[in-house]
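Participant: okay, here's the prediction I keep looking at, along with the sequence it came from:
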Amino acid sequence: MNADAIVSKVWSYCTTLRDDGVGYGDYLEQLTYLIFLKMADEYSREPYNRDVGVPANFNWKSLTSRKGAELEIQYATLLRELGTYPGMLGQIFTKSQNKIQDPAKLARLISMVDETDWVILGADTKGSIYEGLLEKNAEDTKSGAGQYFTPRSLISAMVECMRPEPEQVIGDPACGTGGFFLASYDFLVKNYKLNQKQKAFLKHETFMGNEIVANTRRLCLMNMFLHNIGEMDGESPISSNDALVATPSTTVDIVLANPPFGKKSSMTFTNEEGEQQKDDLTYNRQDFWTTTSNKQLNFVQHIRSLLKSTGRAAVVVPDNVLFEGGSGEVVRKQLMQMTELHTILRLPTGIFYAQGVKANVIFFDNKPAQKEPWTKEIWFYDYRTNIHHTLKKMPMRLEHLQDFIDCYNPANRFKRTETWDEEKNPEGRWRKYSYDEIVARDKTSLDIFWLKDKSLTDLDNLPEPDVLAEEIIENIEAGLESFRAVLANLNTTE
């Protein structure tokens, strides 16, 4: 059975469980537990004969040999106990719970997982199956899972530009379900003939990340494991710690990241009257250029600290990082001073599962300290003006970003040619601005556009009615989300 057939089979059973109130995310979690245990069972047999740390009283057979209430009790006990173990095993089962209340349906799901020999499936096949399930989960926008899912076309384009090399360490301080790690893994396997030492490094030492949400971290670890990254009985490459709390203890060669959307970091606490209140969270770090509660600006500062002196980064950031005053201006000036901020890709709306996001990718190379700013010019690619994408009818694909990749010129980014020309090609999407031009702008704003929005002047260039309707709905939903956030903040601070 090929990957698509297995995805279809596994996912079709979710429809049955949804009638019992089991959502996409809960279903995917249960699958993660069961596939992990099934693979542990397969590894314990010929020809592997490995002990991967799952105790006999909580192994796969302990589930397949039980039915009814006995199965339900065993499964709940197994989840609770395995979450106390160290390493990858404990991380997979941390805070795990049984969300399938009907023992008969749980038994059917176990039987379905039991029908597939997971270990003998190739890493490509297993990875495709799980990635397919993660994407279906992200499409369920009501669950909020989409905020942890970066469009794979964007990830692939960023990896193509960064071109990781064997034995480089790749970090992501907010790794979600691990999309950047997996795309980097695929790039390295596809573009290099790796020797045994490089293969071992790729499997065990290449990736390190943080993910504070237990359920998302679990999905990330399973996603990586199914792609042949890490060991079932090894240490977890993903930390549960908040990456922003402390200066990094180790540095990396490359950071590829899409930090979580949402402008402010905050923590909820109970006051003396027993009421819930929310307080803005600031991180007082010696390595930060400025202290702020703006989560995005903190991630940009942290990522710079996470890089080796020769390290490189590609980071998705919302528009406010490019234009906000105060701490935002401090971060932009310091980033241009201390690193070579060389490229900005302006992204269209309609490509993220989180509604109404206006985002960009900033590319910068870390540098040792010097008096003169490292940034001499910044190249901009405007893939927003007059571009229309929607998640379903007109999704953004890698080929849509191919022109940007070509302009970026990953083989030698120091040899670039502008496509914009005021007289010959005023429609060109690729142009550069000098350091002096940028620092002369109000608040050192990087929020730069030069193309004319045709929809404002030419009715013939309006998108199709269904696309326009989707854009209007997205903007309304984004506005509603903003109002809900304001209301929630008022309710917790009254």
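Facilitator: Structure received.
Participant: which stretches in the chain count as strands?
Facilitator: If DSSP state E is used as the criterion, the strands of the chain fall at 170-172, 207-210, 238-239, 252-257, 266-270, 276-280, 307-318, 339-346, 359-366, 377-382, 430-434.
Participant: show me what contacts the residue nearest to the spatial centre of the chain?
Facilitator: Centroid-nearest residue in the chain: residue 176, 4.3 Å away (criterion: Cα atoms, centre = their mean). Residues in contact with residue 176 (Cβ atoms under 8 Å, 6 or more residues apart in numbering) are 148-150, 211, 216, 220, 258. Every residue, glycine included, has its C-beta placed from N, CA and C.
Participant: if we go to 7 Å?
Facilitator: Residue 176 makes contacts with 148-150, 211, 216, 220, as judged by Cβ atoms under 7 Å, 6 or more residues apart in numbering.
Participant: domain parsing for the chain?
Facilitator: 3-131, 242-476 (automatic domain parsing).
Participant: so which of those is nearest residue 234?
Facilitator: Within the domains of the chain, the stretch nearest residue 234 is domain 3-131; the backing value is 5.6 Å (Cβ to Cβ).
Participant: picking up where we left off before, mean pLDDT for the domains of the chain - can I get that in CSV?
Facilitator: Listed next are the domains of the chain as CSV, based on pLDDT from 0 to 100:
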stretch, mean pLDDT
domain 3-131, 88
domain 242-476, 88
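Participant: could you dump the ones you listed to JSON lines with mean neighbour count and distance to residue 193?
Facilitator: Formatted as JSON lines, those follow (neighbours: other Cβ atoms under 10 Å; distance: least, Cβ to Cβ, whole Å):
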{"stretch": "domain 3-131", "mean neighbour count": "17", "distance to residue 193": "17"}
{"stretch": "domain 242-476", "mean neighbour count": "17", "distance to residue 193": "19"}
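Participant: between the ones you listed, which gets nearest to residue 154?
Facilitator: Nearest to residue 154, of the domains of the chain and by Cβ to Cβ, is domain 242-476 at 6.9 Å.
Participant: how far away is residue 295 from residue 259?
Facilitator: The gap separating residue 295 from residue 259 is 7 Å, by Cβ to Cβ, to the nearest Å.
Participant: most remote residue from the middle of the protein, which is it?
Facilitator: Among the C-alpha atoms of the chain, the one farthest from their average position, using Cα atoms, centre = their mean, is that of residue 423, at 40.3 Å.
Participant: ok, that residue to residue 448 distance?
Facilitator: Counting by Cβ to Cβ, the gap from residue 423 to residue 448 is 20 Å.
Participant: phi, psi for residue 248 please.
Facilitator: phi -60, psi 140 (degrees, to the nearest 10).
Participant: and it, how far from residue 298?
Facilitator: Relative to residue 298, residue 248 is positioned 13 Å away (criterion: Cβ to Cβ).
Participant: just list the residues touching the residue nearest to residue 22 when sequence neighbours are not counted, thanks.
Facilitator: If the residues on either side of it in the chain are set aside, residue 22 comes closest to residue 99, at 5.6 Å by Cβ to Cβ, 6 or more residues apart in numbering. Applying Cβ under 7 Å, 6+ apart, one finds that residue 99 lies in contact with 22, 26, 29-30.
Participant: could those be laid out in TSV, adding distance to residue 160?
Facilitator: Output for the contacts of residue 99, formatted as TSV (distance: Cβ to Cβ, whole Å):
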residue	distance to residue 160
22	38
26	35
29	32
30	35
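Participant: residue ranges of the helices in the stretch 351-494 of the chain, please?
Facilitator: Remark: helices of the stretch 351-494 of the chain, listed N- to C-terminal, are 402-408, 435-439, 465-493; assignment by DSSP state H, counting those that start in this stretch.
Participant: contacting residues for residue 387?
Facilitator: residue 348.
Participant: quick check: phi and psi on it?
Facilitator: When read as degrees, to the nearest 10, the backbone of residue 387 gives phi -110, psi 130.
Participant: then the one 3 residues further on?
Facilitator: Taking degrees, to the nearest 10, you get phi -130, psi 160 for the backbone angles of residue 390.
Participant: touching, it and residue 352? I think so.
Facilitator: No. Between residue 390 and residue 352 no contact is recorded; they are 11.3 Å apart, counting by Cβ atoms under 7 Å.
Participant: distance check, the residue farthest from the centre of the chain against residue 128.
Facilitator: The spacing between residue 423 and residue 128, counted by Cβ to Cβ, is 48 Å.
Participant: if we can go back for a sec, would you list the contacts of residue 176 in CSV and tack on distance to residue 34, pLDDT and neighbour count?
Facilitator: Compiled in CSV, the contacts of residue 176 are given as follows (distance: Cβ to Cβ, whole Å; pLDDT from 0 to 100; neighbours: other Cβ atoms under 10 Å):
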residue, distance to residue 34, pLDDT, neighbour count
148, 21, 67, 26
149, 22, 80, 22
150, 27, 88, 24
211, 21, 95, 27
216, 19, 89, 22
220, 18, 91, 27
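Participant: nearest residue to residue 246 in space, please, no chain neighbours.
Facilitator: Once flanking residues are discounted, residue 246 sits nearest to residue 285: 7.3 Å by Cβ to Cβ, 6+ apart.
Participant: these two touch, right, that neighbour and residue 244?
Facilitator: No. With contact taken as Cβ under 7 Å, residue 285 and residue 244 are classed as non-touching, separated by 8.0 Å.
Participant: who touches residue 85 in this structure?
Facilitator: residue 53.
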